[in-house]
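> Here is a sequence with its predicted model. Questions after.
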Amino acid sequence: MTIRLRPHHLLCLLTYVGKGYSAAFVANYDRIAARLSAGEDVVVTDGPDDICAPLLDGAEPHCWRASVIERDRHAAREVGALLGRTIAPGARIALTPARLAALRGRFAEGGIRAACGSCPWSDLCTAVAQGGYDGARVVSGR
């Protein structure tokens, strides 16, 4: 199986520590973090993904907002430049230990944070990165 992720969630997964929009969102994200940690690959999607699933039942889910789509655009460009490949719908990515370390290193330096500018979780993510990713739930088991 593969996990469907939109581009900016390639950044969010780096600092996920079990906090989120609702209990259902956190439970879902915990399952995804465990799957990623067990070595499941990612397939990049356009728009809402497996992480968004618990939020899509609301009247106006933020997952479809232009600001979120803009985050995806920034993240795809920066993550793609770091990994040396195009990050577009259908791209498959294995989160190897080396890739996860490279992403986290650059994120901590602020090098792949253009997508984070207007995100309400940005301060938490900065704190997690500055703390050496202590408590981050996605670990690479490969």
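That came through, no problem.
> For the chain, give me the ranges with low pLDDT.
For the chain, the stretches flagged by pLDDT under 70 are 56, 58-59, 141-142.
> Is there a neighbour count for residue 4? I'd like the number.
The burial count assigned to residue 4 is 19, neighbours taken as other CB atoms under 10 Å. Glycine gets a C-beta too; all of them are placed from N, C-alpha and C.
> does it count as helix, strand or coil?
The three-state label given to residue 4 by DSSP: H, G, I helix; E, B strand; the rest coil is strand.
> From residue 82, how far off is residue 98?
Distance, residue 98 to residue 82, using CB to CB, to the nearest Å: 12 Å.
> Compare these two and say which is more crowded by neighbours.
Remark: of residue 98 and residue 82, residue 82 carries more neighbours, 17 against 10, as counted by other CB under 10 Å.
> ok, now which ones touch that one?
Contacts here follow CB atoms under 8 Å, 6 or more residues apart in numbering; on that basis residue 82 touches 102-103, 106, 111-112.
> Tell me if it really is in a strand.
No: Residue 82: not assigned to a strand; according to three-state DSSP it is helix.
> Kindly provide the distance from it to residue 75.
Noted for residue 82: a distance of 10 Å to residue 75, by CB to CB.
> can you list residues touching both of those two?
Common neighbours of residue 82 and residue 75 (criterion: CB under 8 Å, 6+ apart): residue 112.
> what does stretch 9-24 rub up against?
So stretch 9-24 is contacted by 5, 26, 29-30, 32-33, 36, 42, 44, 49, 51, 54-55, 75, 79, 87, 93, 100, 103-104, 107, 112-113, 115-116, 121, 124-125, 128-129, 133, 135-138 (CB under 8 Å, 6+ apart).
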